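[1] would you be able to build a 3D model of this:
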Amino acid sequence: KLLHLYGPLSGYRISSMSCSGGEASLMGDAAVGRPLYYPALTDEHRARIRAPLGPLVAVANPLDYQTFIWGNEPAMTEVFTAMVSGGFDFNMLVLDFPRSDRSTNTDRLPNARAFEVALKTHNARGAIVVSLPENMPEEYAVDLMERGIVPLAGIPEAMDAVQAAATVGEAWRAPLAQPVDGVVASQAKGERVILDEADAKARLIEAGLAVPQGKCAGNAEEAVAAAQALGFPVALKALGVAHKSEVGAVFLNLKDAAAVGTVAKDLSRLGSGLYVERMVSESVAELIVGFTRDPVFGSVMTLGTGGVLVELL
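    Next up is the predicted model:
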């Protein structure tokens with residue numbers, strides 16, 4: 001809904017208004033741990049907000065405007081307009097709408113109208129946030145959308161939406177990636193060269209990527225020596241085998257020379273050589289990343305779940 005009405009947001013600076021200190025606290029807490037933040041109000045900005053509220057209200061962001069002006073649409077319009085004048089990237093008004101078949105919501109409509117005027121006065125973007133999803137009847141959500149106000153159901157859900165829209169905006173503002181130049185085929189057109197893992201990783205290292213250290217070996221003795229030089233634990237693989245896990249051509253987390261020697265004798269029969277590699281510890285995820293140049297689509301990138309799940313997914 002947010003992206004539909006406004007598109008990506010220009011930043012992470014947000015404001016919140018509610019008639020309850022509890023709601024203001026919930027909105028403040030919901031931004032903790034996120035890139036979203038509530039900028040402090042300047043003295044001049046605070047004075048504009050305080051004028052219609054009086055001295056009994058503590059003016060801050062998030063704002064608890066309390067209920068002294070509840071139902072007074074001109075006063076609420078003045079407060080909301082003053083608050084939105086701060087140039088925030090996104091403005092939120094916490095306003096629950098009870099079920100219309102059990103309660104009347106007419107006393108909340110002045111708040112919504114005042115917020116609409118505030119947003120339009122400053123050409124600002126904003127949402128009415130309900131504390132629980134069931135507190136936003138569909139007819140009110142539709143009406144708010146038509147007024148150019150995003151109806152967001154649930155405080156954590158609202159923060160998720162605002163953060164996502166701001167993150168998209170940040171990505172769109174970043175300079176575009178430069179085209180990949182200088183990728184020249186080493187063979188004549190129409191011919192393909194398949195690199196084994198050792199050659200491929202050597203090229204990745206040359207290109208500046210972080211790749212675990214590895215060594216080629218021709219037999220079990222060389223594999224043990226390579227593992228001792230690299231340091232345990234290691235992974236041991238058969239070179240020249242594309243789908244290693246399907247034929248048992250890869251062994252992980254080998255912790256000593258004896259294990260490497262035993263496995264190397266078995267793997268020597270499978271491929272064109274052996275590759276010993278330092279084990280990666282404390283990994284976060286296994287990914288597959290692939291690139292190809294399609295004659296119709298151009299450069300195509302594949303990104304997905306790696307490891308043995310590649311064959312399944």
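[2] measure the residue nearest to Ser85 when sequence neighbours are not counted to Asp29 for me?
    Spatial nearest neighbour of Ser85, chain neighbours left out: His122 (5.7 Å); criterion: CB to CB, 6 or more residues apart in numbering. Glycine gets a C-beta too; all of them are placed from N, C-alpha and C. The gap separating His122 from Asp29 is 27 Å, by CB to CB, to the nearest Å.
[3] who's more crowded, those two?
    Neighbours were tallied for His122 and for Asp29 using other CB atoms under 10 Å; the higher tally belongs to His122 (18 against 13).
[4] who's in contact with that one?
    Thr81, Val84, Ser85, Gly87 (CB atoms under 8 Å, 6 or more residues apart in numbering).
[5] helices - which of the residues you listed land there?
    Here DSSP state H is the test, and the contacts of His122 give Thr81, Val84 as lying in helices.
[6] so which of the contacts of His122 wins on neighbours?
    Of all the contacts of His122, Val84 has the most neighbours under the rule other CB under 10 Å, reaching 24 neighbours.
[7] what helix or strand does the nearest residue to that residue once chain neighbours are set aside sit in?
    Once flanking residues are discounted, Val84 sits nearest to Ala118: 4.4 Å by CB to CB, 6+ apart. Secondary structure from DSSP states H and E places Ala118 in helix 109-121.
[8] buried residues in that helix?
    For helix 109-121, the buried set under the neighbour-count rule, 16 or more other CB atoms under 10 Å, comprises Pro110, Asn111, Ala112, Ala114, Phe115, Glu116, Val117, Ala118, Leu119.
[9] quick one: the third one and Pro151 touch, right?
    Which is Ala112. No. If you go by CB atoms under 8 Å, Ala112 and Pro151 don't touch, sitting 9.9 Å apart.
[10] mutual contacts of those two, please.
    What both Ala112 and Pro151 touch, as defined by CB under 8 Å, 6+ apart, is the set Ile128, Leu144.
[11] pull the helix or strand with minimum mean pLDDT from the protein.
    Ranked by mean pLDDT, DSSP states H and E, the weakest helix or strand in the chain is helix 309-312, scoring a mean of 79.
[12] neighbouring contacts of that one?
    Residues outside helix 309-312 that contact it (CB under 8 Å, 6+ apart): His243, Ser245, Glu246, Glu286, Ile288, Gly304.
[13] hmm, 7 Å instead?
    Defining contact as CB atoms under 7 Å, 6 or more residues apart in numbering, one finds that helix 309-312 is touched by His243, Glu246, Ile288.
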